[in-house]
Every structure is written in C-alpha cells, then in structure tokens.
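Trainee: Take this sequence and fold it.
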Amino acid sequence: MATLVNRAVYASRAADERAFEALFAAEYGRVVAIAYRVLADRQEAEDVAQEVFYDFHRRHPADAPWAAAWLHKAAAHSALNAALRRARRDRHAAGHVRTEADRWQARDEADPQRAAEASEQRRVVAEALARLPERSATVLSLRYGGLSYAEIALALGVGVNQVGTLLNRAEAALRKELGHDTRG
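Mentor: Take a look at the predicted model:
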C-alpha cells in the first residue's frame with residue numbers, strides 16, 4: 001500500500017513540475033518584459049522574474065487558471081519595489097551619479113552621448129514610476145510590458161472597459177511626476 005501511495009505522490013509531483021515548466025515557458029518572456037519596462041535593466045528584470053516564478057511555484061498550483069494574471073501583476077509590483085530600493089540606494093550612495101554599469105554601456109554604444117542620455121532618461125522614468133501610487137505604476141508597467149487591455153483587466157481584477165481610464169489617469173500622473181504636465 002505504501003508503494004502505491006508513493007507512486008501516486010511521485011506522479012502528482014511530476015505532473016505539477018510539467019505544468020510549472022509549461023507555465024514558465026509560456027510566461028517568462030512577458031514577465032521579464034514587464035519588469036524591464038520598470039527597471040530598464042535586463043539582468044535586474046530577469047532576477048525579478050526568477051523571484052516571481054519562485055514565489056508562485058512555492059505558493060500556488062501551476063495549472064491555476066489565474067496563474068498568468070498573478071505572474072504579470074507580481075512582476076509589476078516586484079519591479080516597482082526593486083526600482084524603489086534602487087532609487088533609495090542611489091540617493092544614499094552618491095546623489096544622482098550614473099552607475100558603473102551605465103558608464104560601460106555608454107562606452108559600448110556607437111553614440112556614447114545618446115546612450116548616456118537614454119540611460120539617464122530610463123533612470124528618471126523608473127524613479128518617477130516608483131513615486132506613483134501603486135495602482136498607477138502597476139497599470140503602466142503592465143501595459144508597456146506588452147499586455148493587452150484584457151490581460152491587464154485580468155491581472156488587476158477590473159473590467160476591460162476600465163483599463164483605458166486607468167491608463168489615461170496613470171499616464172497623466174506620470175507626466176505630472178516628470179514635470180511634463182502641460183494642462184497645469
């Protein structure tokens with residue numbers, strides 16, 4: 001009897017692992033893209049994705065119908081938290097000085113001036129996103145991470161018809177945070 005139970009447990013675990021591998025293969029790229037939109041750093045985005053998948057795997061069944069939505073929302077939240085931590089760390093370290101990685105990336109680009117400007121712009125936007133209310137930052141992260149309105153609605157638990165309004169409000173808040181609000 002014990003052998004039969006052991007086989008059943010093993011078969012169940014194997015099925016769970018296959019389901020998780022399929023989920024990982026299907027969603028990893030999108031989860032990284034969402035995190036990258038917030039962080040503007042590929043390595044950091046991949047680290048966030050790994051943490052998100054690990055947390056999901058520990059806590060939830062891979063075949064849950066809401067798995068993709070959970071992963072997308074968690075990616076946005078985790079990336080925003082990472083951006084906040086980075087912004088705090090950068091402020092404490094040496095003010096608003098570019099990191100060594102930014103300097104090396106700029107040296108490797110064909111036009112170092114444009115690469116440096118782009119890096120600075122990504123940093124400024126990431127810091128502004130981190131200062132927004134969580135819901136606004138999340139909806140922007142999800143949309144610019146490549147999700148459709150329907151996917152965003154599912155991740156946030158709202159109606160599809162609400163996503164456009166949420167995006168418009170979040171974009172206005174981001175423009176204001178960046179000092180680009182032309183409506184006063």
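Trainee: Following element in sequence after the longest helix seen in the chain, please.
Mentor: Selection of the longest helix in the chain by residue count, based on DSSP state H, yields helix 2-39. Heading C-terminal from helix 2-39, the first helix or strand you meet, by DSSP states H and E, is helix 42-59.
Trainee: Next, the contact list for His57, please.
Mentor: Residues near His57 by C-beta atoms under 8 Å, 6 or more residues apart in numbering: Phe20. Every C-beta, even on glycine, is put in place using the N, C-alpha and C of the backbone.
Trainee: Could you report the pLDDT at it?
Mentor: In this model, His57 is scored at 93, pLDDT.
Trainee: Same question for Leu39.
Mentor: Note on Leu39: pLDDT of 86.
Trainee: so where's the chain uncertain?
Mentor: Within the chain, the set of residues satisfying pLDDT under 70 comprises 1-12, 90-110, 181-184.
Trainee: if you set the cut-off to 90 instead, what comes out?
Mentor: 1-17, 37-41, 77, 80-132, 134-135, 137-138, 140-148, 150-157, 177-184 (pLDDT under 90).
Trainee: Buried ones in the helix or strand where Arg88 lies, by neighbour count?
Mentor: Remark: Arg88 resides in helix 67-94, with elements defined by DSSP H and E. For helix 67-94, the neighbour count (16 or more other C-beta atoms under 10 Å) marks 67-80, 82-84, 86-87, 90 as buried.
Trainee: so Ala115, which of the three states?
Mentor: Applying DSSP: H, G, I helix; E, B strand; the rest coil to Ala115 yields a three-state assignment of helix.
Trainee: How many neighbouring residues does it have?
Mentor: Neighbour count of Ala115, defined by other C-beta atoms under 10 Å: 17.
Trainee: Look up how far Gln121 lies from it.
Mentor: Relative to Gln121, Ala115 is positioned 11 Å away (C-beta to C-beta, to the nearest Å).
Trainee: Find the centremost residue of this protein, please.
Mentor: Closest to where the C-alpha atoms of the chain average out (C-alpha atoms, centre = their mean) is Ala35, at 2.6 Å.
Trainee: correct me, but that residue touches Ala49?
Mentor: Yes. With contact defined as C-beta atoms under 8 Å, Ala35 and Ala49 form a contacting pair (5.8 Å).
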